[in-house]
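A.B. asks: okay, here's the prediction I keep looking at, along with the sequence it came from:
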Amino acid sequence: MFKIPIRPRSLFGKLMLSHLLVVALSFLVIGFYLTYLIENYFFSAREWELTSQAQDAAYLISEDLKENDMEAVKKTAETLAYSMNAKIRVLDEKRVSRYTFDPDANTNGMNNEQDELVGLEEREIDHLFKGNMLTKKVYGPVLQRLLVAAPVIDEAGNPANGEDNHEEPMIIGAVTLSVPLRGVEETIAHISRLIFYSGAVGVVIAVVFAFSLSKTLTSPLQKINRAALDMAAGNFQSKIKEESDDEIGGLIKTFNYSAEQVEKYLEEQKRLEMLRRNLVANVSHELKAPLSSVRGFSELMLDGYIEEADKEKYLQMILDNSVHLSRLVDDLLTLSHLESGQLSLEKKEISVEALVRWSFESVAPRGEAQGVNLNLDVESSLPALQGDRHRLHEVLVNLLENAVQYTAEGGEVSLKVSCRNSQVIMEVKDTGRGIPADELPLIFERFYKVDKSRRRNGQGSGLGLAIARQLVELHGGSIEVESKEGEGSVFRVFLPL
Ligand code: ADP
């Protein structure tokens, strides 16, 4: 296979080499083609001219040759040779060269042996003496020559009546004219020089083009390289500016996009890692308090430190903590199922009013016990909803319980349900302590509690709202909160019909 001996390493080198190859090849092809055309043209023109001159010469010497007046032949031939500037040779009817004259040379004169019929073969002479013209190129010692031969015909000896015994026209000799093809070679040499110089200019242009092209190609590639190295070192900020719409512009676009995706992915991984670490810490923290209470009270009782009268109170506390622990474990399981996508809803057509009343009544006793006024306001003829009634009940109960929990005695909690823009809106409003504005965006995070130090009878783990939001989103809905510290909060659940 064809192999390039030197393999350039740089883009510039490669472009240079290919440009040079194209330039060189183009000039070679053009050169050969032009040479061929010019040679052909010159040759045809010269051939045409020389043919008619040879015919004239044959005619002019025919009379003297017939008479065998060699002096006269010589004179005519010499004059013709000078006027036509061609080497002339006269052959007699026996096909013997009788006279040669070359105006360019010194050795002229009557025929001598070594100069015999140079350039014509036997069959060519046969052809000539049958009355035909002949043209050929001969390769002289220095230059190529064009040789044209014409038969000398004796017209008088060839009578018009067909009765004559001459079967062929009466050929009494031949004249050859030959000229060097000097002009052609000079022109070709001139053109070759021209092509060579244009080639040199072409090479310079090719180098300039290769250089500027390699610059436009390599500078964005170098930028991509630098940015990729930055990326490998963990810096995703270096964005590359795209300056063109071509493939390199496309590459830069793709590179920037990939860098963004990798950055997002890494951030997500970091966030998940943080969450995982926090989860372990939070879970341990949440389990610690109720477990140590259960353990502490049990030990006190076993050691006989608790009086008979107080035993029931302590047992109740152990029970409360156990209930809290099992709720916590339930919540964690639900959350883990939600996050791993394992929790599937049992969607059915459910009556919104029935769902709302059920949830409201589940919380009502607690509200009463805490001295909080509970109101229910359900819009009449609400449409049915596709959903999981147990999960939606869980969401509503969580919101209502929170509202009751964070509202002081004498406060108010209301549940208002309406339908607008093919959405069911459930609004849980309280006149409780509210949530500080800077903490509002965080309350849906798992384990997030506004008042971390507050002890709430083992209640609350910070998982309720996280679960509620995921459940609502699983139904294709959303949840939002509005709150003012000291005035109260409103939680709104939007569910699509
Ligand atoms: P918890 O089980 O601790 O109530 P949630 O996820 O339900 O956990 O709530 C997260 C935090 O949001 C709570 O600790 C509380 O500080 C705050 N919060 C939730 N609902 C209300 C409300 N209605 N009023 C005031 N604060 C609230």
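C.D. replies: Noted; the coordinates are in hand.
A.B. asks: which SSE is immediately downstream of the helix or strand bottoming out on mean pLDDT in the chain?
C.D. replies: Using mean pLDDT, DSSP states H and E, strand 109-110 stands out as the lowest-scoring helix or strand of the chain, at a mean of 50. Going down the chain from strand 109-110, the next helix or strand is helix 122-128, by DSSP states H and E.
A.B. asks: packing partners of the helix or strand following that following helix?
C.D. replies: For helix 122-128, the following helix or strand on the C-terminal side (DSSP H and E) is strand 134-139. Secondary-structure packing of strand 134-139 (3 or more C-beta pairs under 8 Å, 6 or more residues apart in numbering; DSSP states H and E): helix 11-67, helix 122-128, strand 144-153. (C-beta placed from N, C-alpha, C; glycine too.)
A.B. asks: if you set the cut-off to 10 Å instead, what comes out?
C.D. replies: helix 11-67, helix 122-128, strand 144-153, strand 171-180 (3 or more C-beta pairs under 10 Å, 6 or more residues apart in numbering; DSSP states H and E).
A.B. asks: pLDDT of the longest one, averaged?
C.D. replies: Meaning helix 11-67. Helix 11-67 shows a mean pLDDT of 87.
A.B. asks: redo the helices and strands packed on strand 134-139 as CSV? Include distance to the ligand.
C.D. replies: CSV is the format used below for the helices and strands packed on strand 134-139 (distance: least, C-beta to the nearest ligand atom, whole Å):
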stretch, distance to the ligand
helix 11-67, 60
helix 122-128, 116
strand 144-153, 106
strand 171-180, 111
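A.B. asks: go through those and name the closest to residue 218.
C.D. replies: Judged by C-beta to C-beta, the one of those that comes nearest to residue 218 is helix 11-67, at 5.5 Å.
A.B. asks: after that closest one, next one along is what?
C.D. replies: helix 70-84.
A.B. asks: ok, the very next helix or strand once past that following helix: who's next to it in the sheet?
C.D. replies: Using DSSP H and E, the helix or strand that follows helix 70-84 in sequence is strand 87-92. In the sheet, strand 87-92 lines up against strand 97-101 (antiparallel), strand 171-180 (antiparallel) (DSSP bridges).
A.B. asks: now strand 87-92: mean pLDDT?
C.D. replies: 90.
A.B. asks: any idea how far it is from the chain center?
C.D. replies: 76 Å (C-alpha atoms, centre = their mean, to the nearest Å).
A.B. asks: what residues sit buried inside it?
C.D. replies: 87, 88, 89, 90, 91, 92 (16 or more other C-beta atoms under 10 Å).
A.B. asks: okay if I get the strands paired with strand 87-92 as CSV plus mean pLDDT and mean neighbour count?
C.D. replies: Below are the strands paired with strand 87-92 laid out as CSV (pLDDT from 0 to 100; neighbours: other C-beta atoms under 10 Å):
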stretch, mean pLDDT, mean neighbour count
strand 97-101, 87, 21
strand 171-180, 90, 23
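A.B. asks: break the chain down into its structural domains.
C.D. replies: 11-187, 345-496 (automatic domain parsing).
A.B. asks: got the residues of the chain near the ligand?
C.D. replies: Applying C-beta under 6 Å from any ligand atom, we find that the chain lies next to the ligand at 398, 402-403, 406, 430, 432-435, 443, 448-451, 460-466, 489.
A.B. asks: for the stretch 251-400 of the chain, which residue gets nearest to the ligand?
C.D. replies: The ligand sits closest to residue 398 of the stretch 251-400 of the chain, with a gap of 5.8 Å, by C-beta to the nearest ligand atom.
A.B. asks: residue contacts, the closest residue to residue 207 other than its chain neighbours?
C.D. replies: In this structure, residue 207 finds its nearest non-sequential neighbour in residue 16, 6.4 Å apart by C-beta to C-beta, 6 or more residues apart in numbering. Contact analysis of residue 16 by C-beta atoms under 10 Å, 6 or more residues apart in numbering lists 8, 10, 203, 206, 207, 209, 210, 211, 213, 214.
A.B. asks: number of nearby residues for the second one?
C.D. replies: Counted by other C-beta atoms under 10 Å, the residues lying close to residue 10 total 10.
A.B. asks: any idea how far it is from residue 273?
C.D. replies: 43 Å (C-beta to C-beta, to the nearest Å).
A.B. asks: list the buried residues for stretch 35-42?
C.D. replies: 35, 39, 42.
A.B. asks: the last one reaches residue 188, doesn't it?
C.D. replies: Yes - applying C-beta atoms under 10 Å, one finds residue 42 in contact with residue 188, separated by 8.8 Å.
A.B. asks: circling back to that earlier point, farthest pair within the contacts of residue 16?
C.D. replies: 10 and 203 (18.4 Å).
A.B. asks: tell me which stretches of the stretch 201-350 of the chain form strands.
C.D. replies: With strands called from DSSP state E, counting those that start in this stretch, the stretch 201-350 of the chain shows them at 348-351.
A.B. asks: low-confidence bits of it, can you list those?
C.D. replies: Of all residues in the stretch 201-350 of the chain, none has pLDDT under 70.
A.B. asks: and residue 311, how far is that from residue 323?
C.D. replies: 19 Å.
A.B. asks: just residue 349 next, same as before
C.D. replies: From residue 349 across to residue 323, the span is 34 Å (C-beta to C-beta).
A.B. asks: repeat that for residue 393.
C.D. replies: Applying C-beta to C-beta, the value for residue 393 to residue 323 is 19 Å.
A.B. asks: neighbour count winner among these two?
C.D. replies: A direct count of neighbours by other C-beta under 10 Å for residue 393 and residue 323 places residue 393 higher, at 16 against 13.
A.B. asks: for my notes, confirm that one occurs in a helix.
C.D. replies: Yes - assessed by DSSP: H, G, I helix; E, B strand; the rest coil, residue 393 belongs to a helix.
A.B. asks: need the contact list for it.
C.D. replies: Neighbour list for residue 393: 350, 355, 356, 358, 359, 362 [criterion: C-beta under 10 Å, 6+ apart].
A.B. asks: what's the first helix or strand after the host helix or strand of the second one?
C.D. replies: Assigned by DSSP H and E, residue 355 falls within helix 352-369. Tracing the chain past helix 352-369, the next element assigned as helix or strand by DSSP H and E is strand 373-378.
A.B. asks: beyond that next one, next helix or strand please.
C.D. replies: Taking DSSP H and E, what comes next after strand 373-378 is strand 384-387.
A.B. asks: and that next one, how far out from the chain middle?
C.D. replies: So, by C-alpha atoms, centre = their mean, the centroid of strand 384-387 is 49 Å from its chain's centroid.
A.B. asks: can you point out the buried residues in that strand?
C.D. replies: Buried residues in strand 384-387, defined by neighbour count with 16+ other C-beta under 10 Å: 385, 387.
A.B. asks: against which helices or strands is that strand packed?
C.D. replies: Secondary elements touching strand 384-387 (3+ C-beta pairs under 10 Å, 6+ apart): strand 348-351, helix 352-369, strand 423-430, helix 464-474, strand 488-496.
A.B. asks: TSV for those, including distance to residue 125 and mean neighbour count?
C.D. replies: Formatted as TSV, the helices and strands packed on strand 384-387 follow (distance: least, C-beta to C-beta, whole Å; neighbours: other C-beta atoms under 10 Å):
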stretch	distance to residue 125	mean neighbour count
strand 348-351	118	13
helix 352-369	123	17
strand 423-430	114	21
helix 464-474	110	21
strand 488-496	111	20
